[in-house]
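Trainee: any chance you could fold what I've pasted below:
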Amino acid sequence: MMRGWRAIVLTAVLAAVAGGAGTWISASWVLSRREPPSLHDIVHNGLTLSSDQLTRIEAVEARFAARRPALEADVRAANRELARAIEQSDGDGPQVQAAVDHFHVAMGALQKETIAHVFEMRSVLTPAQAEVFDDRIVAALAPDEN
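Mentor: Presented below is the predicted three-dimensional model:
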């Protein structure tokens, strides 16, 4: 009877060790694939904003938040249009190219407005804050170069 308990305890210990090792390996892998910080994180974490700056930044964010869903919806619609064009065509014909062009226009509009938003936020910052902001934006856009 004692032998059965030892086997159960040994199995439980081995399972706990294996589970812990798996968790550690998974956590290490996830942490190594770190995502770049969001624009919100860049502005609100690491930059000490005055109350006036915070109020102005929040107004800038609210304006962009109101516009962004429409821009993203246009990108999704263009993507669906491209999917339909590919599905209905025999090759890379005029219908596919028109859908690709629509997608590029929609994505370009989102990128242009996002960059305008970045510079509008930057205009609220002091020169020292803007330098930190710029460094973080560049690092987020080109993480492999840092």
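Trainee: tell me, what residue is most central in the protein?
Mentor: With distances taken as CA atoms, centre = their mean, S38 lies nearest the centre of the chain, 6.3 Å away.
Trainee: quick one: pLDDT of that one?
Mentor: S38 is assigned a pLDDT of 74 by the prediction.
Trainee: so where do the strands sit in this protein?
Mentor: Secondary structure of the chain (DSSP state E): no strands present.
Trainee: what stretches of it score poorly on pLDDT?
Mentor: In the predicted model, the chain carries pLDDT under 70 at residues 1-37, 145-146.
Trainee: which helix in it runs the most residues?
Mentor: helix 51-88 (DSSP state H).
Trainee: for it, packing partners?
Mentor: helix 94-122 (3 or more CB pairs under 8 Å, 6 or more residues apart in numbering; DSSP states H and E). Where you see a C-beta, it was placed from the backbone N, CA and C, and this is true even at glycine.
Trainee: how about the residue nearest to V132 when sequence neighbours are not counted, phi and psi?
Mentor: Excluding the flanking residues, the one nearest V132 by CB to CB, 6 or more residues apart in numbering is L47, at 6.2 Å. Backbone torsions of L47, given as degrees, to the nearest 10, read phi -110, psi 120.
Trainee: could you break this protein into its assigned domains?
Mentor: If you go by automatic domain parsing, the domain ranges for the chain are 1-34, 37-145.
Trainee: looking at those, which is buried most?
Mentor: domain 37-145 (a mean of 14; mean count of other CB atoms under 10 Å).
Trainee: then stretch 49-57 to CSV, C-alphas only?
Mentor: Extracted in CSV, the C-alpha atoms of stretch 49-57 (Å, rounded to 0.1, in the frame of the first residue of the first chain):
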residue,chain,number,x,y,z
LEU,A,49,2.5,65.9,-18.7
SER,A,50,1.2,69.0,-17.0
SER,A,51,-2.5,69.2,-16.4
ASP,A,52,-2.9,71.6,-19.4
GLN,A,53,-0.9,69.2,-21.6
LEU,A,54,-3.0,66.3,-20.5
THR,A,55,-6.2,68.2,-21.3
ARG,A,56,-4.9,69.1,-24.7
ILE,A,57,-3.7,65.6,-25.4
